[in-house]
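Peer 1: output the structure for:
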Amino acid sequence: MCQVKNLGTYEVASLSLISSFILLILIANLFLIPVADAQSHVSLCYFYGEDCSHCKDVEVVIEELEEKYPGLEVHKFEISYNATNCELFNAFIQVYNPQAVEIPAVFIGNKSLIGYGLTKEKLENEIAFCMQNKCPNPLSIIKGKEENQSPLLVMLIGTALIEGINPCGFAVLIFLLASLLVLKSKRSVLGVGLSFIAGVFATHFFVGFGIMGCYLFSGLTTIVRNIVILIAISAGVINIRDFWRDKATLAIPSSLKPNIVKLVKSASIPSAILLGFFATIAGLPCTGCIYLSILELIAGTPSKVLFLLLYNFFYALPLFVIVAIIYKGTSPEEVEEWRKDKRRYMKLIGGLVMLAVGIAMLFGFA
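Peer 2: Coordinates of the predicted model:
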């Protein structure tokens with residue numbers, strides 16, 4: 001039989017001591033793990049101006065917090081005399097969208113503390129929160145937003161080409177070039193045609209720049225976004241309906257057509273530029289709703305001006321193609337016949353794009 005050996009008093013005491021020691025280690029680990037997490041790495045981006053007195057006070061606070069929290073990493077950016085840092089600050093403003101735009105400014109995790117809202121108490125609370133919850137590095141957030149601009153770029157190019165392939169602008173340009181060939185030599189086609197495109201490009205760009213400025217001034221609020229969504233979806237439905245009815249609800253207003261005809265008949269470079277202006281303004285009802293919705297998306301990006309220029313280049317590209325085709329020898333009548341034959345389908349494509357963009361914005365995909 002197996003005999004159980006009785007433990008002596010000393011052995012029992014030793015086992016008790018060992019058990020107590022192990023228990024203490026386990027308890028210590030339970031407390032040490034959160035402490036280790038609390039001392040995790042946290043990044044903070046601080047923007048200031050060399051001549052900003054309030055910034056100097058905030059800098060003292062940040063230095064105190066750096067000593068208190070060894071895991072705190074502060075990235076400092078002076079923006080008054082540094083154009084690169086100023087551009088980075090604008091990128092942060094676009095991504096974080098704070099209620100005010102001023103310095104000093106701190107970005108930590110997904111939060112921004114701006115101007116006199118940047119107090120020691122608020123900043124320390126955010127640091128403590130990020131120490132416990134492992135907030136993302138603000139610089140990586142900006143970088144991620146910039147990397148995510150590739151799908152937007154593809155979307156911009158596609159929608160710009162579709163907006164550019166619209167019956168209204170085509171009709172005016174073809175009419176202009178047809179009149180030009182009757183009144184002058186073929187050589188004049190290039191100069192006047194390019195002048196018309198320059199007028200279209202400049203007008204469309206500055207209209208977009210103004211609308212985008214209104215978006216930014218209003219703060220890209222939910223109300224503004226909902227209005228844009230409503231307009232885009234409504235215009236898309238109207239254009240799709242016009243495809244089946246073979247009618248144009250959204251077209252150049254009849255009241256402006258006599259003035260456009262007068263400018264066409266003069267067929268000069270100055271009148272072509274002016275005609276580009278009038279044709280663009282008058283033609284906005286055709287496919288301008290695409291532009292309206294795309295501008296709302298561009299306004300929220302750091303590279304908004306570059307995107308706007310790129311969009312307008314591709315918007316004007318189909319007009320370059322028409323000038324090149326007529327200059328090479330195809331008659332304006334043939335091009336006009338093609339335009340009339342495909343007009344319904346242009347409306348359908350434009351309507352589908354407006355509807356798709358509106359729905360994508362509605363459900364947060366754009």
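
Peer 1: confirm V74 sits in a helix?
Peer 2: No: counting by DSSP: H, G, I helix; E, B strand; the rest coil, V74 is not part of a helix but strand.

Peer 1: that one - nearest residue in space that isn't next to it in sequence?
Peer 2: Leaving aside its sequence neighbours, V74 sits nearest to L44 (CB to CB, 6 or more residues apart in numbering; 5.1 Å). The way it works is simple: take the backbone N, C-alpha and C, and place the C-beta from them, glycine included.

Peer 1: quick one, what contacts the residue lying closest to P270 once chain neighbours are set aside?
Peer 2: Spatial nearest neighbour of P270, excluding adjacent residues (CB to CB, 6+ apart): S195 at 7.9 Å. Counting by CB atoms under 8 Å, 6 or more residues apart in numbering, S195 touches 269-270, 272-273, 276.

Peer 1: could you list which of those belong to helices?
Peer 2: 269-270, 272-273, 276 (DSSP state H).

Peer 1: any idea which helix or strand in the protein has the lowest mean pLDDT?
Peer 2: helix 9-38 (a mean of 43; mean pLDDT, DSSP states H and E).

Peer 1: pop the domain breakdown of the chain in here.
Peer 2: 40-145, 148-362 (automatic domain parsing).

Peer 1: mean pLDDT lowest where, among the ones you listed?
Peer 2: With a mean of 77, domain 148-362 has the lowest mean pLDDT of these.

Peer 1: before we move on, the earlier item: buried subset of the contacts of S195 as a PyMOL selection?
Peer 2: Selection of buried members from those for PyMOL, criterion 16 or more other CB atoms under 10 Å:
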select buried, resi 272+273+276
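
Peer 1: what is the nearest of the contacts of S195 to C289?
Peer 2: Using CB to CB, G276 is the member of these that lies nearest C289, at 20.6 Å.

Peer 1: from the ones in helices among the contacts of S195, which single one is nearest G109?
Peer 2: G276 (48.2 Å).

Peer 1: in contact with that closest one, which residues?
Peer 2: Here G276 is in contact with 195-203 (CB under 8 Å, 6+ apart).

Peer 1: tell me the gap between the helix or strand encompassing M212 and the middle of its chain.
Peer 2: Using DSSP states H and E, M212 falls within helix 187-218. Averaging C-alpha positions (CA atoms, centre = their mean, to the nearest Å) puts helix 187-218 20 Å from its chain's average.

Peer 1: kindly export the helix or strand just after that helix (C-alpha atoms) in PDB.
Peer 2: Downstream of helix 187-218, the next assigned helix or strand under DSSP H and E is helix 222-245. Written as PDB, here are the backbone C-alpha positions of helix 222-245 (Å, rounded to 0.1, in the frame of the first residue of the first chain):
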ATOM      1  CA  THR A 222     -24.100  67.800 -42.300                       C
ATOM      2  CA  ILE A 223     -26.800  70.200 -43.600                       C
ATOM      3  CA  VAL A 224     -24.600  71.300 -46.500                       C
ATOM      4  CA  ARG A 225     -23.700  67.800 -47.300                       C
ATOM      5  CA  ASN A 226     -27.300  66.700 -47.200                       C
ATOM      6  CA  ILE A 227     -28.200  69.500 -49.600                       C
ATOM      7  CA  VAL A 228     -25.500  68.400 -52.000                       C
ATOM      8  CA  ILE A 229     -26.700  64.800 -51.800                       C
ATOM      9  CA  LEU A 230     -30.300  65.800 -52.500                       C
ATOM     10  CA  ILE A 231     -29.300  67.900 -55.500                       C
ATOM     11  CA  ALA A 232     -27.100  65.200 -57.000                       C
ATOM     12  CA  ILE A 233     -29.700  62.400 -56.600                       C
ATOM     13  CA  SER A 234     -32.500  64.700 -57.900                       C
ATOM     14  CA  ALA A 235     -30.500  65.700 -61.000                       C
ATOM     15  CA  GLY A 236     -29.500  62.100 -61.600                       C
ATOM     16  CA  VAL A 237     -33.100  61.000 -61.600                       C
ATOM     17  CA  ILE A 238     -34.100  63.900 -63.900                       C
ATOM     18  CA  ASN A 239     -31.400  63.000 -66.400                       C
ATOM     19  CA  ILE A 240     -32.300  59.300 -66.400                       C
ATOM     20  CA  ARG A 241     -35.900  60.200 -67.000                       C
ATOM     21  CA  ASP A 242     -34.900  62.600 -69.800                       C
ATOM     22  CA  PHE A 243     -33.200  59.600 -71.500                       C
ATOM     23  CA  TRP A 244     -36.500  57.700 -71.800                       C
ATOM     24  CA  ARG A 245     -38.400  60.800 -72.700                       C
END
